[in-house]
Structures are given as structure tokens and as C-alpha cells.
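*Asks:* Sequence isn't available, so here's the structure alone:
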Ligand SMILES: [Zn+2]
């Protein structure tokens, strides 16, 4: 199989833990890791535009092949010049293959060796995803990082069912990789720090539910494939923290050091730091923006709800350590009023703050890793963040 040079370099290691800092090169620039990626499922991070995303120093967005394929359509996006141009975003974009959404949103999911039949959650229309056509859709969307189609299975699935799903995921990853290498040019002219940046990157998805033997098998197998990085999927779907950590213990040691690792769908500060400590580089979650629309604020001293009556007259920012413009310009009293009055601006302002909280947390984690003090940093954050 094709040998590839991963466009990723580890720039610092914590030493006392497995935490590492790195640079990931995409055709839209350099992503510093560990990184938090805001979720732009429908070509939009809810309530925000690209200026807001620049302000919160988002480097890479997560979008979704299932959603974009159904609406507005992958070919439509190609006609519009690709997703970046369509939404006016010049940073990096990773697209999830849609395996998770076919599992969680579709009214029907019939898996064959060839692919998966599903019904649109919009109008019930029937569609068929294969490892190959998902790569074609991602190419049409024009994202920087593509992912292979996988089979998601609930964390509490029986071992035999999880094994069956994993075997299909493994075979599909080979087909996706073959298709990827057939349709993408090997490298484009852009060279930074000696790295040739491929046209788009391909990440394989590691499954295996909560079973250590399956996780180990999945990781070892994916490590042999010509992909640029790894998604760790099927976690953060209702399993306990211990089960997740056990699955990670049996995944990460089998992955090559020189490729990035992305844990899909994880969003609380404690969970993210737990995984950075174990050597995960990339994260995404709808959580910070979803809770923002309900008034929940993440701060360096823990979380609170702006709708709580005690904030009504507070003439202080959401978080005095935060550098976002919401904290610089507005008081809790004003934001509390906006929520009570049902003003939509409140969703935007709180989402900006919550995302900045997480991107800043990753920047601080990077500094701590460079200083060899990640463990101390994590303990301090956890002590403050109740
Ligand atoms: Zn702020």
C-alpha cells in the first residue's frame, strides 16, 4: 500500500505524562495541537459567523458529511466552490464521515458488506453510503481532513456484535483509503517547514466499543493503513469515565507517535484534559455552544448559569481571566438581562465566550506541556473548575 508522510510534527512533550504539543499542516494552514474544534455541522457554528470564529481563535472546524450531503448537497457545495468559499471560512475543516449520524439520526440503518442504507431524517428519502462515495462527497465538499465511513455501535453492545461491526469498519477503511489515494493528488506545491501538504488528509476511525481486546485490534489494524491520522470513535456515547479511559489505554499505545489522534465528541474541560494527558491531540463537541443557548457559562472558576437570579445585578465580566470581547465589554447583569428578555444576541455572546474558554484552555495546556508542567496545570484547572 501507498506509504505516506504524516504532515504532523510533535513539537513538545510533557515528559511526566503522555501529553504532547504539535503542528498539523493542512491545505488551509497550520493547526496547533492540542486543539478544540468548534462544531459547524450545517456549515455554521450555531449563532456565530466566521469573524466570531476568528476572534475565538478557532483553527479548525468540524463539519459533517451526512448533514451536508442531505442539505444543501455535496455536488451543490462543489458548484458553489466548496464549503470554505460557501461559508467564507479560510481556516481548516474536518468532515466526519457520517457513520455516527446514520446510526443516531436515520430512521433506518441497514448495513451490508457494500455500504449502509439509511433514510433522511428530513423527508424519509432513502440513501446509500459506501466507503467510496463518502470519499467522493468529502472531495466535493472540499474539507481539509476527511474521515473513513465507519460502523458505530452502542457502547453497551454485546462483544460479538461489536466484533462484527469492527470487522466491517476495518474492511471499509481499506476501501476508503484506496479510493482516497485514487482521487487525491499526492501533494500540492505548498511546503512549510519542509512538510509537503497533501491536497486533503485522510483519518481512519477506530471503533471497538468498550472492549479492550477490540480497541487494541482496531488500533493495531488502523496503524498499518495509509492514513494521515486517527479518529477514536464510539466513545463519549454514554459509557463511564473508567470505561472510556480503559478503552483509551488499549488504543493509544498501539498508534504511531508521528500521527495525530482525535477523540470524537468530547467536550467538558475535565474530559478533554484527561485525554490530553493520555496523548490525544484533537477534540470537538457541540456541548459549549449547546449549553450556552441555555445560559450556561464556563469559566476558570467553574460553570454557572447566567439565568440564576444572583447574577442579575453583577457588574463584573463572565470570567475576569478571559480575553474574549464579551468579557471585555459586557457585564453579567447585561447578559442576564438579554437572557431574561429572550434576546438572540445572548446565544451568540455566550457561545463566543464558551468556545474561547476551550480554545484558551488548549493554548494554556500547550504552554504547560512546553514547560513540562502539564500534570500540575491539569490539577490546578480541576481544582478551580467545579
Ligand atoms: Zn470571555
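*Replies:* Received the coordinates, thanks. Predicted, not measured: the structure shown is a model, and the values here were computed from it.

*Asks:* Quick check: residue 273 vs residue 362, distance?
*Replies:* Shown here: residue 273 relative to residue 362, a distance of 10 Å by C-beta to C-beta, to the nearest Å. Backbone N, C-alpha and C define where each C-beta goes, glycine included.

*Asks:* Need the residues that contact the helix or strand where residue 165 lies.
*Replies:* In this structure, residue 165 sits in helix 159-183 according to DSSP states H and E. Here helix 159-183 makes contact (C-beta atoms under 8 Å, 6 or more residues apart in numbering) with 1-2, 97, 111, 113, 130-132, 134-136, 139, 146, 148-153, 157, 202, 204-205, 207-209, 211, 214, 217-218, 221-222, 225-227.

*Asks:* need the strands for the stretch 151-300 of the chain, in chain order.
*Replies:* Counting by DSSP state E, counting those that start in this stretch, the stretch 151-300 of the chain has strands at residues 191-192, 195-196, 201-206, 229-232, 261-263, 282-284, 296-299.

*Asks:* Buried ones among the contacts of helix 159-183?
*Replies:* Neighbour-count burial (16 or more other C-beta atoms under 10 Å) applied to the contacts of helix 159-183 gives 97, 111, 130-132, 134-135, 139, 146, 148-153, 157, 202, 204-205, 207-209, 211, 214, 217-218, 221-222, 225, 227.

*Asks:* Filter the residues you listed down to the ones in helices?
*Replies:* Members of these lying in helices (criterion: DSSP state H): 131, 132, 134, 135, 139, 214, 217, 218, 221, 222.

*Asks:* ok now do the residue nearest to the third one when sequence neighbours are not counted, which residues does it touch?
*Replies:* What that stands for is residue 134. Nearest residue to residue 134 in three dimensions, chain neighbours excluded: residue 149, at 4.5 Å (C-beta to C-beta, 6 or more residues apart in numbering). Residues near residue 149 by C-beta under 8 Å, 6+ apart: 97, 98, 99, 115, 116, 129, 130, 131, 134, 172, 176.

*Asks:* could I get those as JSON lines with pLDDT?
*Replies:* Output for the contacts of residue 149, formatted as JSON lines (pLDDT from 0 to 100):
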{"residue": "97", "pLDDT": "94"}
{"residue": "98", "pLDDT": "88"}
{"residue": "99", "pLDDT": "86"}
{"residue": "115", "pLDDT": "96"}
{"residue": "116", "pLDDT": "95"}
{"residue": "129", "pLDDT": "96"}
{"residue": "130", "pLDDT": "97"}
{"residue": "131", "pLDDT": "98"}
{"residue": "134", "pLDDT": "98"}
{"residue": "172", "pLDDT": "98"}
{"residue": "176", "pLDDT": "97"}
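
*Asks:* of those, list those near the ion.
*Replies:* Checked against the ion using C-beta under 5 Å from the ion, the contacts of residue 149 yield no neighbours at all.

*Asks:* which one of these is nearest residue 46?
*Replies:* Nearest to residue 46 among the contacts of residue 149 is residue 98, at 19.1 Å by C-beta to C-beta.

*Asks:* mind checking how far that closest one is from residue 149?
*Replies:* From residue 98 across to residue 149, the span is 7 Å (C-beta to C-beta).

*Asks:* Tell me the residues that contact both of those two, please.
*Replies:* 129, 134.

*Asks:* Other residues contacting stretch 329-340?
*Replies:* Stretch 329-340 is contacted from outside by 295, 306-307, 311-318, 326, 345-346, 349-350, using C-beta under 8 Å, 6+ apart.

*Asks:* Show me which of those residues are buried.
*Replies:* Listed as buried from the contacts of stretch 329-340 are 295, 306, 311, 317, 318, 326, 346, 349, 350; burial here means 16+ other C-beta under 10 Å.

*Asks:* I'd like to know which of those are part of helices.
*Replies:* Using DSSP H, these in helices are 326, 346, 349, 350.

*Asks:* Not counting residues beside it along the chain, what's closest to the third one?
*Replies:* Looking back up the chat, that one is residue 349. That would be residue 326: by C-beta to C-beta, 6+ apart, it lies 4.7 Å from residue 349.

*Asks:* Let me know the secondary structure of residue 54.
*Replies:* Secondary structure state of residue 54, per DSSP: H, G, I helix; E, B strand; the rest coil, is helix.
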